[in-house]
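1. output the structure for:
(one chain, ligands or ions: 1)
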Amino acid sequence: MKNFSEWFHNVLEEAELMDARYPIKGMSVWLPRGFQIRKNVLSTLEELLDEEHEEVLFPMLIPESELAKEAIHVKGFEEEVYWVTRGGLRDLNEQLALRPTSETSMYPMFSLWVRSHIDLPIKVYQTVNTFRYETKHTRPLIRVREITTFNETHTVHATQQEAEEEVQVGINIYKEFFDELAIPYSISKRPEWDKFPGSKYTMAFDMIMPDGKTLQIGTVHNLGTTFAKTFDIKFENDGGEHEYAHQTCYGLSDRVIAALIAAHGDEKGLVIPPQVAPEQVIIIPIIFKDNADEVLKFTDNLEEILKTNGIRVKQDKRDLRPGKKYYEWEKRGVPLRIEVGPKDLENNKVVTIRRDNGKKEFTDYDEATIVDTVKGLLNSITMDLKQRADNFQEEKTYSVNTVDQLKKTINKKGGIVTANWCGDSECGKDMEEKYGIDILGTQDADVEGECVNCGGDANYKVLVSKTY
Ligand code: PR8
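-> Got it, this is the predicted structure:
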């Protein structure tokens with residue numbers, strides 16, 4: 001695709017996912033088809049979270065006094081907070097923030113809940129809307145001012161060790177989640193100057209978009225005891241002493257759906273992996289005047305069989321040319337199309353067409369095997385989409401030895417470029433400024449030799465790219 005931005009906007013519109021014409025910048029409307037994908041994405045995620053975490057729901061408004069308590073945190077968000085200052089005609093005594101994220105909404109309550117070590121760990125999540133007055137260029141799903149799908153997990157632990165382990169739990173859940181959606185990613189530890197405000201460190205997932213820039217699609221933060229100290233989250237240990245709790249939080253957003261669209265779409269528009277597709281199969285009966293009853297009897301039966309076997313299927317019986325229907329369902333990204341015409345009835349066959357690669361196959365229609373055939377095809381589609389997306393991320397990840405190569409590669413090819421780095425903040429910021437790039441983060445690796453920028457001893461592999 002030549003112009004990703006334009007393509008992305010067209011897909012949202014043509015696949016009927018979102019309407020971006022809402023009269024507030026950075027806020028859009030979820031249309032039924034988009035909402036259904038969102039719902040399927042969320043249930044995939046929540047199924048994973050539910051194994052160890054419990055769902056909660058906190059209020060959207062946060063008193064200024066609580067938001068302001070954690071100095072570093074509030075500094076990080078001060079330019080992005082929306083404020084409610086009036087109730088009806090009256091000015092409020094204390095202004096209330098629309099949550100930009102929920103640490104300062106949840107942690108005063110955690111302070112009340114945690115008394116002794118028996119109250120720990122706490123592991124909860126919520127899926128809510130959050131508000132961030134973004135000043136960078138807004139784009140639907142990618143950078144919004146109302147994040148409508150903010151899934152945030154918050155945990156509290158007795159020891160540093162447990163919090164470390166929870167970071168790994170969070171990373172593993174997100175890995176599994178992205179794998180199920182066939183979304184590729186690179187994981188790195190964000191540099192000091194780009195970690196979550198108030199955290200000890202941030203681990204982030206980045207996907208390379210079709211235009212070569214990377215999108216941060218999820219983050220896992222170790223909060224240490226910073227917030228516990230600010231909000232007085234203490235517990236009595238076995239020995240009767242009071243200790244501050246160790247915390248983590250992790251989250252992802254609407255961006256995951258942007259990543260899903262970007263990872264799999266093609267020139268014809270949307271391609272959705274079967275796991276989250278509103279319809280996994282669309283049946284198109286090819287009807288002529290004299291055979292309508294016969295064909296529809298057949299396709300109704302086919303629809304019923306697939307449905308009872310747990311496949312999300314729909315039949316398009318509208319009085320339109322088949323070609324027009326094919327075009328529409330292709331744009332909507334339905335993974336598999338089944339066409340049934342009078343000839344197929346005679347031969348007792350159906351035609352299947354894959355959305356991802358256009359492959360057309362004739363399958364014998366036999367009630368016992370049609371389900372297996374369709375399930376097998378959906379499976380292959382999932383695997384092939386994943387393979388294709390993973391290959392793209394891999395092919396677009398380059399390793400270089402000099403800063404000159406780094407600059408050239410980023411500018412010419414985009415993607416993620418890796419190199420040896422010392423890890424020093426001054427050196428990192430200098431590199432970002434000089435070359436107009438972003439340091440995504442570091443990966444621990446056995447590195448030997450010099451830092452590409454300053455020539456000092458290299459300690460890490462650094463991931464560099466242009467970002468959204
Ligand atoms: C936290 N607190 O808040 P985070 N539009 C779309 N997606 C966004 C936007 C935006 N304007 N800003 C961030 N995201 C922690 C963890 C509770 C949960 C997405 O962390 O500020 C990004 O993908 O890193 C980001 O990784 C995720 O929300 C979590 O936001």
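2. so which bits of the stretch 251-400 of the chain are right by the ligand?
-> When proximity is defined by CB under 6 Å from any ligand atom, the stretch 251-400 of the chain lies next to the ligand at 251, 252, 253, 254, 255. The way it works is simple: take the backbone N, C-alpha and C, and place the C-beta from them, glycine included.
3. wait, what's in contact with residue 186?
-> Neighbouring residues of residue 186 by CB atoms under 8 Å, 6 or more residues apart in numbering: 205, 206, 207, 208, 214, 393, 397, 416, 440, 463.
4. phi, psi for the fifth one please.
-> Just to be clear, that refers to residue 214. phi -100, psi 150 (degrees, to the nearest 10).
5. helices of the stretch 1-150 of the chain, residue ranges please.
-> Along the stretch 1-150 of the chain, counting by DSSP state H, counting those that start in this stretch, helices occupy 4-14, 32-49, 64-67, 71-77, 103-113.
6. hmm, back to that, any chance of the contacts of residue 186 in JSON lines with neighbour count, secondary structure and pLDDT as columns?
-> Shown next, in JSON lines, are the contacts of residue 186 (neighbours: other CB atoms under 10 Å; DSSP: H, G, I helix; E, B strand; the rest coil; pLDDT from 0 to 100):
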{"residue": "205", "neighbour count": "25", "secondary structure": "strand", "pLDDT": "98"}
{"residue": "206", "neighbour count": "28", "secondary structure": "strand", "pLDDT": "98"}
{"residue": "207", "neighbour count": "26", "secondary structure": "strand", "pLDDT": "98"}
{"residue": "208", "neighbour count": "25", "secondary structure": "strand", "pLDDT": "98"}
{"residue": "214", "neighbour count": "26", "secondary structure": "strand", "pLDDT": "97"}
{"residue": "393", "neighbour count": "19", "secondary structure": "helix", "pLDDT": "98"}
{"residue": "397", "neighbour count": "16", "secondary structure": "strand", "pLDDT": "98"}
{"residue": "416", "neighbour count": "23", "secondary structure": "strand", "pLDDT": "98"}
{"residue": "440", "neighbour count": "25", "secondary structure": "strand", "pLDDT": "97"}
{"residue": "463", "neighbour count": "24", "secondary structure": "strand", "pLDDT": "98"}
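7. and the residues you listed, which is closest to the ligand?
-> The ligand has its nearest neighbour among the contacts of residue 186 in residue 205, at 7.5 Å by CB to the nearest ligand atom.
8. beta partners for the closest one?
-> residue 187, residue 218 (DSSP bridges).
9. from memory it sits against residue 174, does it?
-> Yes: assessed by CB atoms under 8 Å, residue 205 is found in contact with residue 174 at 6.0 Å.
10. where do the contact lists of the two overlap?
-> residue 218.
11. that older thread, among the helices of the stretch 1-150 of the chain, which is the most enclosed?
-> Most buried of the helices of the stretch 1-150 of the chain, by mean neighbour count (mean count of other CB atoms under 10 Å): helix 103-113, with a mean of 20.
12. in contact with the residue of the chain found nearest the ligand, which residues?
-> The ligand sits closest to residue 251 of the chain, with a gap of 2.6 Å, by CB to the nearest ligand atom. For residue 251, the contact set (CB under 8 Å, 6+ apart) comprises 101, 150, 151, 152, 153, 218, 219.
13. which element is it on?
-> Residue 251 belongs to strand 246-252 when assigned by DSSP states H and E.
14. how much does that strand deviate in direction from helix 32-49?
-> Interaxial angle, strand 246-252 versus helix 32-49 (axes from the mean of the first three to the mean of the last three CA atoms, to 10 degrees): 150 degrees.
15. partners of strand 246-252 in the sheet?
-> strand 146-157 (antiparallel), strand 214-224 (antiparallel).
16. JSON lines for these, including distance to the ligand?
-> Listed next are the strands paired with strand 246-252 as JSON lines, based on distance: least, CB to the nearest ligand atom, whole Å:
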{"stretch": "strand 146-157", "distance to the ligand": "4"}
{"stretch": "strand 214-224", "distance to the ligand": "4"}
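17. nearest to residue 447, out of the ones you listed?
-> strand 214-224 (21.4 Å; CB to CB).
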